[in-house]
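K.L.:
what would the 3D arrangement of this be:
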Amino acid sequence: MTAAGAVARAAELARDHGGYVPDDALRTRTDDATREGSAGAWRNAFLRAPYTRDALVAMGMVNETFETATTWDSFDALYGDVMDSVRGALAEIGAPNGVVTCRFTHVYPDGPAPYFTVIAPGRPGAQIEQWAVIKDAASDALVRHGATITHHHAVGRDHRPWYDRQRPPLFADSLRSAKATLDPHATLNPGVLIDP
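P.N.:
Here you go, the predicted structure:
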């Protein structure tokens, strides 16, 4: 099936289940940087997002995004727990009016890749601690539901404690063996996937 055919079928399914799909959203990806309509608005917002995040942080806001992947039959419970856990964390850090959103970045036959965004007012000098409370609450919820700690943005040090809980011991041993052979002095990314 072509990309255009897949997009048309997805729109048909969404409409069959009461969804609204604007006609201009049915265009497939092009290199046209000036595209207008829903697809152009999404593309422009996507490209501006990192700059917007940096501006929000510079203004003292706490801003976090995290993605995962789960199965369709697990999504509702996962979504509810993540939203409740993050809202609880926002209340805990004194930002009960913070915003939590969720969208799908990818969808597959067996499940979606939900992408959550959190924006909340920060307390001067305590933003990192506030971020950590949100990160812990969200990540614990993901692990509780068997969702991946990350979908496509890699593991990194921020995700490492939860990755350790999800990664099978045999896989960790394989990584350690490969690291010992290919990077015996732990020069490359020490501590990202396994301890040096």
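
K.L.:
for Trp42, give me phi and psi.
P.N.:
Trp42 adopts backbone torsions of phi -60, psi -50, taken as degrees, to the nearest 10.

K.L.:
in this structure, what secondary structure element scores lowest on mean pLDDT?
P.N.:
Least confident helix or strand of the chain, by mean pLDDT, DSSP states H and E, is helix 37-58 with a mean of 80.

K.L.:
after it, which helix or strand is next? Please name it.
P.N.:
strand 61-67 (DSSP states H and E).

K.L.:
what's the distance between Ala6 and Leu13?
P.N.:
Ala6 sits 11 Å away from Leu13, going by Cβ to Cβ, to the nearest Å. Yep, even glycine has a C-beta here, placed from its N, CA and C like the rest.

K.L.:
just to revisit the earlier point, send me the least confident helix or strand of the chain as PDB with only the CA atoms.
P.N.:
Below are the C-alpha coordinates for helix 37-58, written out as PDB (Å, rounded to 0.1, in the frame of the first residue of the first chain):
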ATOM      1  CA  GLY A  37      -3.500  23.900   6.400                       C
ATOM      2  CA  SER A  38      -3.500  21.400   9.300                       C
ATOM      3  CA  ALA A  39      -0.400  19.600   8.000                       C
ATOM      4  CA  GLY A  40       1.600  22.800   7.600                       C
ATOM      5  CA  ALA A  41       0.500  24.100  11.000                       C
ATOM      6  CA  TRP A  42       1.600  20.800  12.600                       C
ATOM      7  CA  ARG A  43       4.900  20.800  10.800                       C
ATOM      8  CA  ASN A  44       5.700  24.400  11.800                       C
ATOM      9  CA  ALA A  45       4.700  23.800  15.400                       C
ATOM     10  CA  PHE A  46       6.900  20.600  15.400                       C
ATOM     11  CA  LEU A  47       9.900  22.500  14.100                       C
ATOM     12  CA  ARG A  48       9.400  25.400  16.600                       C
ATOM     13  CA  ALA A  49       8.800  23.100  19.700                       C
ATOM     14  CA  PRO A  50      12.500  22.900  20.900                       C
ATOM     15  CA  TYR A  51      12.800  26.700  20.700                       C
ATOM     16  CA  THR A  52       9.400  27.100  22.500                       C
ATOM     17  CA  ARG A  53      10.600  24.700  25.300                       C
ATOM     18  CA  ASP A  54      13.800  26.600  25.700                       C
ATOM     19  CA  ALA A  55      11.900  29.900  26.000                       C
ATOM     20  CA  LEU A  56       9.500  28.500  28.600                       C
ATOM     21  CA  VAL A  57      12.400  27.200  30.700                       C
ATOM     22  CA  ALA A  58      14.100  30.600  30.500                       C
END
